[in-house]
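Trainee: Everything below, folded, please.
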Amino acid sequence: MTQRINRRQFVQDSALAAAAATVMIVPRHVLGGPRQIAPSDKMNIAGIGIGGMGAGNLKNMESENIVALCDVDPNYAAPTIKRYPNAKFYIDYREMLDKQKDIDGVLIATPDHTHALISLAAIGAGKHVYCQKPLTHNVHEARRLALAAKEAKVATQMGIQGHSMEGLRLACEWIWAGLIGEVHEVDAWCDLSYYPWGHASWSSQWSTRPTDTPPLPDGMNWDLWIGPAPMRTYHRAYHPLTWRCWWDFGSGMMGDRGAHTLDPVVTALKLGPPTSVDATSCGNTPEVHPLSAIVTYKFPARGDMPPVTLTWYEGTRPPRPADLEDGRKMPAEGGVLYKGTKGTIMAGVYGDSPRIVPETRMREAKLPEKTLPRVPDSHEMDWIRACKNGQPAGADFAYAGPLAEICCLGNIAKRVDARIDWDAANMRVTNIAEANALVTREYRKGWEV
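Mentor: Reported below is the predicted structural model:
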């Protein structure tokens, strides 16, 4: 029998249905600002530092609205500016954040030394933030940025694309299932080098800064590029691309590849802060990162996981595993060796394509079920979903800050070329007093973090 509905009930039900429909199409500004984006709505994204890696990140965000672009060098950024003709272009990120109120999220792909400064400005303006690795230039900035993101409740992501890949999840599932027993030791490496420093033959003394003063590219704002670092004259040895090898601007191979390659290790082994970091460097100077280095971290036990020794090799590689088959090559450019009491897992630069060695053991292994959630598309889209649904992205700043800190501590040990004992709770080196100056930096006036 058909149920009879009185007029009052009909009116109430109709009103509720209309309200529900309205929620789905209400404009963004009515919903209460950039942190409340309807899942069916498109984000308004701004890119800062768009001439290099930022251009690739923006391409992976093209399902959304690219509404603003910012770069201190419009000539270097020209291809990206041309790709998004409807986006407004700025030289100064501060002007962009101040004037363009429709921005929901910001991509930051500038040199390392300006990551924290620009990220803090974007977070302070209530924007969601995707920042390229290694997130920060020093430990102080890593702590500051993670805290700011937590307090502002914005969605964040560090640009370590391997964190969204299959290899990291496989390594976690295999290690957590006890497939190779307890892991007490890990080797990770990148055998590339920045030599010659700056990629330019301006001087026979490669480890010193150039003394000639070429003209500044048309339209470039060098003061903004320098940002918090000590001022120096423009040179092609710094921009574009070649800033990574200079201590004032880049985080070296540790921040470049280490942030990628140590990521799956930190996740799979649930690493917190190390208790000590010991480094031996070759070709290190006060100006440039070393030609090569070996950095050894000591991590304490975590829950039911034993203490771990993690050794990072840059500009070189670790010894071949004894059980690696003759003729079988280690991963090109870099990778990871998880050394367990029952076997070894070898993976690539991003923790990709993990395999138990030797291959005969891989074929015999009973692999556990896949239990961890997978990212169905890209690392950038993982962030965009976080902006819309309020769930943390995989490499949000709560995770990326401590990972960046591990990389920064490796750089401190390289600069003093010795072992440092680390008091994480108080954020200080306990055995070499002068090393504490490297936990932060001396900021240029007006650019403090």
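Trainee: any idea which helix or strand of the chain has the worst average confidence?
Mentor: helix 7-25 (a mean of 35; mean pLDDT, DSSP states H and E).
Trainee: So which residues make contact with the next helix or strand after that helix?
Mentor: Toward the C-terminus, helix 7-25 is succeeded by strand 44-48 as the next helix or strand (DSSP states H and E). The contact list for strand 44-48 (C-beta atoms under 8 Å, 6 or more residues apart in numbering) reads 28, 54, 57-58, 61, 64-71, 80, 93, 96, 100, 102-110, 118, 122, 127. Bear in mind the C-beta positions are built from the backbone N, C-alpha and C, glycine included.
Trainee: let's see it at 7 Å
Mentor: 54, 58, 61, 64-70, 93, 96, 102-108, 110, 118 (C-beta atoms under 7 Å, 6 or more residues apart in numbering).
Trainee: And these, which of them are buried?
Mentor: 54, 58, 61, 64-70, 93, 96, 103-108, 110, 118 (16 or more other C-beta atoms under 10 Å).
Trainee: So which of those belong to strands?
Mentor: Counting by DSSP state E, the buried ones among the contacts of strand 44-48 place 65, 66, 67, 68, 69, 70, 105, 106, 107, 108 in strands.
Trainee: can you tell me which of these lies nearest to residue 140?
Mentor: residue 108 (18.1 Å; C-beta to C-beta).
Trainee: For residue 366, give me the backbone phi and psi.
Mentor: Dihedral pair for residue 366: phi -90, psi 100, per degrees, to the nearest 10.
Trainee: what about it, how many neighbours?
Mentor: By other C-beta atoms under 10 Å, the residues close to residue 366 number 6.
Trainee: Check what pLDDT residue 243 gets.
Mentor: At residue 243, the model reports a pLDDT of 94.
Trainee: correction: residue 445
Mentor: Reading off the model, residue 445 has pLDDT 96.
Trainee: Wait, a helix at it?
Mentor: No. Residue 445 is assigned coil when assessed by DSSP: H, G, I helix; E, B strand; the rest coil, not a helix.
Trainee: residue contacts, it?
Mentor: Contacts of residue 445 (C-beta under 7 Å, 6+ apart): none.
Trainee: State the distance from it to residue 406.
Mentor: Distance, residue 445 to residue 406, by C-beta to C-beta, to the nearest Å: 30 Å.
Trainee: ok, so what distance separates the most centrally placed residue in the chain from residue 256?
Mentor: Residue closest to the mean C-alpha point of the chain, counted by C-alpha atoms, centre = their mean, is residue 133 at 2.7 Å. The gap separating residue 133 from residue 256 is 8 Å, by C-beta to C-beta.
Trainee: Same check on residue 155?
Mentor: Counting by C-beta to C-beta, the gap from residue 155 to residue 256 is 25 Å.
Trainee: More neighbours: which of those two?
Mentor: residue 155 (29 against 22).
Trainee: Helices along the stretch 251-400 of the chain, start to end?
Mentor: Taking DSSP state H, counting those that start in this stretch, the helices of the stretch 251-400 of the chain run over residues 252-253, 259-268, 359-364, 379-389, 397-416.
Trainee: tell me which strands and helices the fourth one is in contact with?
Mentor: Packed against helix 379-389 by the contact rule (3 or more C-beta pairs under 7 Å, 6 or more residues apart in numbering; DSSP states H and E) you find strand 128-132, strand 156-159.
Trainee: pull the CA atoms of the last one into PDB?
Mentor: Listed next in PDB are the C-alpha coordinates belonging to strand 156-159 (Å, rounded to 0.1, in the frame of the first residue of the first chain):
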ATOM      1  CA  THR A 156      50.900  19.800   2.500                       C
ATOM      2  CA  GLN A 157      53.200  17.500   0.400                       C
ATOM      3  CA  MET A 158      56.900  17.400  -0.200                       C
ATOM      4  CA  GLY A 159      57.900  16.600  -3.800                       C
END
